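Peer 1: Got a sequence here, can you model it:
(2 chains)
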Amino acid sequence: MSKVQVSTTINGDAVSYLCEVDETLLDVLRDRLGLTGSKEGCSTGDCGACTVTLDGRPVCSCLVLGAEAEGREVRTVEGIAKGDKLHPLQEKFLEFAALQCGICTPGFLVSSKALLDQNPNPTESEIRFALAGNLCRCTGYDKIVRAVQAAAAEMRKG
Amino acid sequence: MQFEAPTTVNAAVKLLAGKAGARVLAGGTDLLVQMRTDRVSPDLIVDVKRIPALRTITAKNGAFRIGAAVAGAELGEHKALCKAWPGVVEAANLIGSHQIQSRATLAGNLCNASPAADSVPAMVAAGASAVIAGPRGKRTVPVETIGTGPGKTSLKRGEMVEAILLPKRPPRSGDAYLRFIPRSEMDIAVVGCGVSLTLDTKGVCTAARVALGAVAARVILVPDAAKALIGTTVDAGALERLAAAASAACRPIDDKRGTKEFRIRVAGVLARRAAEIALKRARGN
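Peer 2: Prediction:
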């Protein structure tokens, strides 16, 4: 199998890598680039633990080939905080205890951020629909929804 | 395994024709799962998302051309398309999560050839066609001729769907798609039904198309169900006859999602409800 040379942008940084044709973007991020924030859950696009944004849209990185990222803009959970300063979503997830084991959290953060970037004042129903592709098996969804609402309110204050 | 991302349809067709085990990659939401589970192992993957004409929706004289790599989310953001063909857009937007919507395409849903594909009954009801590019040029066919059975299509070696065409919407027309799933979101249709209809100025139905998903080996167009509506004001009696015709057309299987009896009954119920929504939309247009 011939490898593919890819140049892309990840969290604002220019990145180049060689990957196998059938290697997913998730495997490239985790195994080649050391960005282990994105998690592998189901590998079939159902659980959302591997959510990243590709050109601003949320995608399951397990359903994207590493080769497809050529020239695109990828953002992962690692790019959400600014240095040591947590993003309001991250702060509110902590404050509201919107996580327990934490496996689903990176995906929830990326999906939530994609939602708030597009819609700064979502209704509860809009939040639940936007997060329907992210599964959590321990905390329950209420705390997550409350945390997103609180972060949205904080971000609107600017 | 080889990966290519051509920038023209001709280059894509040449690549596809050159290797028997070549597969088109559009949104990848079916292909990557199939590769992962070893159901397919392509020798060549042709990513068609770098072909500009496949990434755009163009409206011309009321008709729409939807490039084969346009994602579901982009359909939902296209106001004129949503206004003209709400049933097609709502069907496409029912597929999976926001993450899936960022990637999944109408053409991919069509060519994956699942009998339960949500967007296909809506496209069939809408009278959509597929523009197919191949080594011998282009041809345009009704979408219902693409799927021939679970996972099987009528596409020949080297052929790919380039675009989906939706016709100009006549005045006083409406379409709708409904599916039954045991939960509210994120599931595969147990039954799906698309209805498109047109009324005259007196409110009499002059044209209709009804299509069902997940009740046969492929998505089916049900002319008898359409006949139950045509010439009527889509009153209670017509809706009853529509439901009976839809149920009668079903040739379902029993599986973990539903029994034959359940699917047959639900097909009639969904046909009636979808027709009621289409009717409301037609009266509002």
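Peer 1: Tell me where the chain has strands.
Peer 2: Using chain A. Under the criterion DSSP state E, chain A contains strands at A:4-10, A:13-19, A:51-54, A:57-60, A:73-75.
Peer 1: Let me rephrase: I mean chain B.
Peer 2: Applying DSSP E to chain B gives strands spanning B:2-4, B:22-25, B:44-47, B:57-60, B:63-67, B:129-134, B:137-142, B:147-149, B:152-153, B:160-166, B:173-180, B:191-199, B:205-213, B:220-221.
Peer 1: Report the spatially closest residue to the closest residue to chain A within the stretch 101-250 of chain B, excluding sequence-adjacent ones.
Peer 2: Closest to chain A within the stretch 101-250 of chain B is residue B:102: 3.8 Å, counting by CB to the nearest CB. Using the backbone N, CA and C atoms, a C-beta is placed for each residue, glycine as well. Nearest residue to residue B:102, sequence neighbours excluded (CB to CB, 6 or more residues apart in numbering or on different chains): residue A:57, at 3.8 Å.
Peer 1: Check the spacing between the one you found and residue B:76 real quick.
Peer 2: 12 Å (CB to CB, to the nearest Å).
Peer 1: out of the strands of chain B, nearest to residue A:93?
Peer 2: Counting by CB to CB, residue A:93 lies closest to strand B:173-180 out of those; the figure is 33.6 Å.
Peer 1: Next, see if the closest one gets close to chain A.
Peer 2: No. If you take CB under 8 Å from any CB of the partner chain as the test, strand B:173-180 misses chain A, and the best it gets is 15.5 Å.
Peer 1: Pipe the strands of chain B into TSV and attach distance to residue B:90 and mean neighbour count per row.
Peer 2: Compiled in TSV, these are given as follows (distance: least, CB to CB, whole Å; neighbours: other CB atoms under 10 Å in any protein chain shown):
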stretch	distance to residue B:90	mean neighbour count
strand B:2-4	34	21
strand B:22-25	25	21
strand B:44-47	28	22
strand B:57-60	16	13
strand B:63-67	15	21
strand B:129-134	20	22
strand B:137-142	21	12
strand B:147-149	20	17
strand B:152-153	24	16
strand B:160-166	14	25
strand B:173-180	6	25
strand B:191-199	10	30
strand B:205-213	14	25
strand B:220-221	19	21
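Peer 1: Just give the closest residue to the one residue sitting closest to the centre of chain A, not the sequence neighbours.
Peer 2: Nearest residue to the geometric centre of chain A (CA atoms, centre = their mean): residue A:110, 3.0 Å. Nearest residue to residue A:110, sequence neighbours excluded (CB to CB, 6+ apart): residue A:51, at 4.5 Å.
Peer 1: what's the spacing between the one you found and residue A:63?
Peer 2: Counting by CB to CB, the gap from residue A:51 to residue A:63 is 10 Å.
Peer 1: likewise residue A:92?
Peer 2: For residue A:92, the distance to residue A:63 equals 28 Å [CB to CB].
Peer 1: Which of the two has more residues huddled nearby?
Peer 2: Higher neighbour count among residue A:92 and residue A:63: residue A:63, with 28 against 24, using other CB atoms under 10 Å in any protein chain shown.
Peer 1: Hmm, residue B:172 and residue B:200 touching each other?
Peer 2: Yes. The pair residue B:200 / residue B:172 is scored as a contact, 7.1 Å apart, by CB atoms under 8 Å.
Peer 1: coming back round to it: where do the contact lists of residue A:51 and residue A:63 overlap?
Peer 2: residue B:99 (CB atoms under 8 Å, 6 or more residues apart in numbering or on different chains).
Peer 1: Would you point out which residue of chain B is nearest chain A?
Peer 2: Across chain B, the shortest distance to chain A (CB to the nearest CB) belongs to residue B:97, at 2.2 Å.
Peer 1: Could you count how many residues lie near the closest residue to that residue other than its chain neighbours?
Peer 2: Of all residues not flanking residue B:97 in the chain, residue A:133 sits nearest, at 2.2 Å (CB to CB, 6+ apart). Residue A:133 has 25 neighbours, counted by other CB under 10 Å.
Peer 1: For chain A, which residues are neighbours of chain B?
Peer 2: Proximity of chain A to chain B (CB under 8 Å from any CB) is limited to residues A:1-2, A:4, A:20-22, A:24, A:43-46, A:48, A:51, A:54, A:57-60, A:62-65, A:67-68, A:70, A:111, A:114-115, A:129-130, A:132-134.
Peer 1: Tell me which residues touch the residue nearest to residue B:9 when sequence neighbours are not counted, please.
Peer 2: Counting by CB to CB, 6+ apart, residue B:9 lies nearest to residue B:133, which is 4.9 Å off, once chain neighbours are set aside. By CB under 8 Å, 6+ apart, the contact set of residue B:133 is B:9-10, B:12-13, B:159-162.
Peer 1: can you list the residues you listed in JSON lines and add pLDDT?
Peer 2: Putting those into JSON lines (pLDDT from 0 to 100) gives the following:
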{"residue": "B:9", "pLDDT": "98"}
{"residue": "B:10", "pLDDT": "98"}
{"residue": "B:12", "pLDDT": "98"}
{"residue": "B:13", "pLDDT": "98"}
{"residue": "B:159", "pLDDT": "98"}
{"residue": "B:160", "pLDDT": "98"}
{"residue": "B:161", "pLDDT": "98"}
{"residue": "B:162", "pLDDT": "98"}
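Peer 1: Closest one to residue B:250 out of the residues you listed, please.
Peer 2: Distances from residue B:250 to the contacts of residue B:133, taken by CB to CB, are shortest for residue B:161, at 27.1 Å.
Peer 1: which residues does the closest one contact?
Peer 2: Residue B:161 neighbours (CB under 8 Å, 6+ apart): B:68, B:107, B:110-111, B:130-133, B:146, B:155.
Peer 1: roughly how far apart are it and residue B:114?
Peer 2: In terms of CB to CB, residue B:161 sits 15 Å off from residue B:114.
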